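Asks: After the sequence you'll find the predicted model.
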Amino acid sequence: MRLGLVIDLDTCVGCHACATACKEWNASSPVSGPLSDYEPFGAGTLGRLVQSACGITRLGEYPASKTINFPMSCMHCADADCVTVCPTGASYKRDDGIVLVDQDKCMGCNLCAWACPYGARELDTATGTMKKCTLCVDRINDELLPPEERQPACVLACPTHARFFGDFDDPASEVSRLTAERGGFGLMPELGYAPVNQYLPPRELKPVIGADDVKALLERGLASLASPVIRR
Amino acid sequence: MRGCGRSSRENYLYMNRGTAARLGLGDFDWVWVESHHGRLRCQLKTMEGVEANTVWTWNAIGRAARNGRLDEDASEATAGFLLNHLISELLPKGRADDRRLTNSDPVTGQAAWFDLRVKVSKCAVGETGIWPKFPMSKRLPGDNRRRPSTWRYHTEAAS
């Protein structure tokens, strides 16, 4: 098994619902516990939304520019150096591919954060331990939940359905199918970590009204746009 | 002008990069933003992905200190700004006999943030810092709640 996420950069609108759902679920989760916010009411406020924090990339120049919202979380790499470098054995990779931190063994040395090229790990200074995406391991295996809810909180929360969860080793799974159909890619494969999470590229969009359309409109007259009811 | 909810420790006024260049403005310049209703001072950031004649920022930030449990030196009270100072409750009066209309979306009744005309100009040298500022609110009677420096949901009662 190789569990992971597919994230559709074409439909993500950067609303951060994934990040807040993540924070909410993990606040009461025994797997990692809450992600601390620092100085929430004072100077130097620093909220922790490491899991699924959303970056924004802008390509091109106005008016042909395109904004791409880029949610990032643990890639659950097949070759995870964060696990290799852990001196206490707190970081481990499960048989289903999920990379986890055993909060009881972690001593907060930060080596895994340095080994991770994706910035997926964040030290929680309140507990002195490392926090990261758990792929909601306490949801996806919970048989008390209805089957359709056995998915990570971020996937369930996404209002544009830009996130998908599944097994990449199963060629018939939705995540495998989407990756194949839409040309999904992993981030920075040249580093050799074999990231499992895949991103679907944004589609090229034509301008809503191109130069040819404007010309045609001018030739036909603006009245041609009006609905038949109004024209009558 | 439009707003977009997001909590943070500061916010900027976002402007199209080409428009900013034509106005002689750049990243982190302090600017005055004026509407028919009032004016405020804030810091500018430029970006490509915004319409050339539109400026925007996050809302739900820039509350005054002591409001919403904020401390006296809260980041968003010192570095955040609120668009409310530019937006009136009623639309400006046109003709003398005009009925004053509420500044809200006619369909939903939501406050209308999106159609405000503003003028953006560069601040004079030395004019920096968020403006306007208001005297600090008094604490509500009986408010002796603790303001924790680390907030961990589900681990302590939100007293």
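Replies: The structure has been received and is ready for your questions. What you see is a predicted model, and the numbers here were worked out from it, not measured in a lab.

Asks: mind checking the backbone torsions on residue A:75?
Replies: phi -90, psi 0 (degrees, to the nearest 10).

Asks: if I look at the residue nearest to it when sequence neighbours are not counted, how far off is residue B:46?
Replies: Nearest non-adjacent residue to residue A:75, counting by CB to CB, 6 or more residues apart in numbering or on different chains: residue A:195, 3.4 Å away. To be clear about C-beta, it is placed using only N, CA and C from the backbone, and glycine gets the same treatment. Relative to residue B:46, residue A:195 is positioned 33 Å away (CB to CB, to the nearest Å).

Asks: Residue A:67 now?
Replies: For residue A:67 relative to residue B:46 (CB to CB), the value is 14 Å.

Asks: that older thread, count of neighbours near the residue nearest to residue A:75?
Replies: Around residue A:195 there are 23 other residues, counting by other CB atoms under 10 Å in any protein chain shown.

Asks: got it, and residue B:88?
Replies: With other CB under 10 Å as criterion, residue B:88 counts 15.

Asks: what do you get for residue B:33?
Replies: 23.

Asks: For it, give its distance to residue B:128.
Replies: In terms of CB to CB, residue B:33 sits 15 Å off from residue B:128.

Asks: repeat for residue A:192
Replies: Counting by CB to CB - residue A:192 and residue B:128 are separated by 47 Å.

Asks: Close to chain B: what parts of chain A are there?
Replies: Applying CB under 8 Å from any CB of the partner chain, we find that chain A lies next to chain B at A:16, A:23-24, A:27-28, A:33-34, A:36-47, A:58, A:60-63, A:65-67, A:125-126.

Asks: tell me the SS of the residue nearest to residue A:110 when sequence neighbours are not counted?
Replies: Distances taken as CB to CB, 6+ apart put residue A:123 closest to residue A:110, at 5.8 Å, once the chain neighbours are dropped. Look at residue A:123: counting by DSSP: H, G, I helix; E, B strand; the rest coil, its state is strand.

Asks: Residue A:123 contacts residue A:114, correct?
Replies: No - using CB atoms under 8 Å as the test, residue A:123 is too far from residue A:114 to be in contact (10.9 Å).

Asks: For the chain, which segments count as strands?
Replies: Assuming you mean chain A. Here chain A has its strands, by DSSP state E, at A:3-8, A:37-38, A:54-59, A:66-71, A:91-93, A:99-101, A:122-124, A:129-131, A:163-167, A:198-200.

Asks: To clarify, I was referring to chain B.
Replies: Going by DSSP E, chain B shows strands at B:2-5, B:13-16, B:30-34, B:39-47, B:55-59, B:119-122, B:150-151.

Asks: can I get these in TSV with mean pLDDT and distance to residue A:171?
Replies: Shown next, in TSV, are the strands of chain B (pLDDT from 0 to 100; distance: least, CB to CB, whole Å):
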stretch	mean pLDDT	distance to residue A:171
strand B:2-5	33	40
strand B:13-16	95	44
strand B:30-34	97	55
strand B:39-47	95	41
strand B:55-59	88	43
strand B:119-122	96	55
strand B:150-151	85	44
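
Asks: Just give me the neighbour total for residue A:3.
Replies: With neighbours defined by other CB under 10 Å, the count for residue A:3 comes to 22.

Asks: what about residue 56, neighbour count?
Replies: In the absence of a named chain, this looks at chain A. Residue A:56, neighbours per other CB under 10 Å, totals 11.

Asks: Chain B, not that one
Replies: Residue B:56: 19 neighbours (other CB under 10 Å).

Asks: Look up the residues forming beta bridges with it.
Replies: residue B:2, residue B:14 (DSSP bridges).

Asks: Please tell me how far it sits from residue B:14.
Replies: Distance from residue B:56 to residue B:14, by CB to CB: 5 Å.

Asks: so what's in contact with the two at the same time?
Replies: Common contact partners of residue B:56 and residue B:14 (CB atoms under 8 Å, 6 or more residues apart in numbering or on different chains): residue B:50.

Asks: What's opposite the residue nearest the centre of chain A in the beta bridge?
Replies: Note on chain A: the residue nearest the mean C-alpha position is residue A:71, at 4.1 Å, using CA atoms, centre = their mean. Taking DSSP bridges as the rule, residue A:71 bridges to residue A:54.

Asks: As PDB, could you dump the C-alpha coordinates of stretch A:32-48?
Replies: Listed next in PDB are the C-alpha coordinates belonging to stretch A:32-48 (Å, rounded to 0.1, in the frame of the first residue of the first chain):
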ATOM      1  CA  SER A  32      -0.200  14.300  17.300                       C
ATOM      2  CA  GLY A  33      -2.200  16.500  19.500                       C
ATOM      3  CA  PRO A  34      -2.900  20.200  19.000                       C
ATOM      4  CA  LEU A  35      -0.700  22.400  16.900                       C
ATOM      5  CA  SER A  36       0.200  25.300  19.200                       C
ATOM      6  CA  ASP A  37      -0.400  28.900  18.400                       C
ATOM      7  CA  TYR A  38       2.200  31.300  19.800                       C
ATOM      8  CA  GLU A  39       1.200  34.700  21.300                       C
ATOM      9  CA  PRO A  40      -2.400  34.500  19.900                       C
ATOM     10  CA  PHE A  41      -3.400  37.700  21.800                       C
ATOM     11  CA  GLY A  42      -0.100  39.600  22.000                       C
ATOM     12  CA  ALA A  43       2.800  40.800  19.900                       C
ATOM     13  CA  GLY A  44       4.500  38.500  17.400                       C
ATOM     14  CA  THR A  45       1.500  36.300  16.800                       C
ATOM     15  CA  LEU A  46       2.500  33.100  15.100                       C
ATOM     16  CA  GLY A  47      -0.200  30.600  14.300                       C
ATOM     17  CA  ARG A  48       0.800  27.100  13.400                       C
END
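
Asks: Since that was my last question, I'll sign off now.
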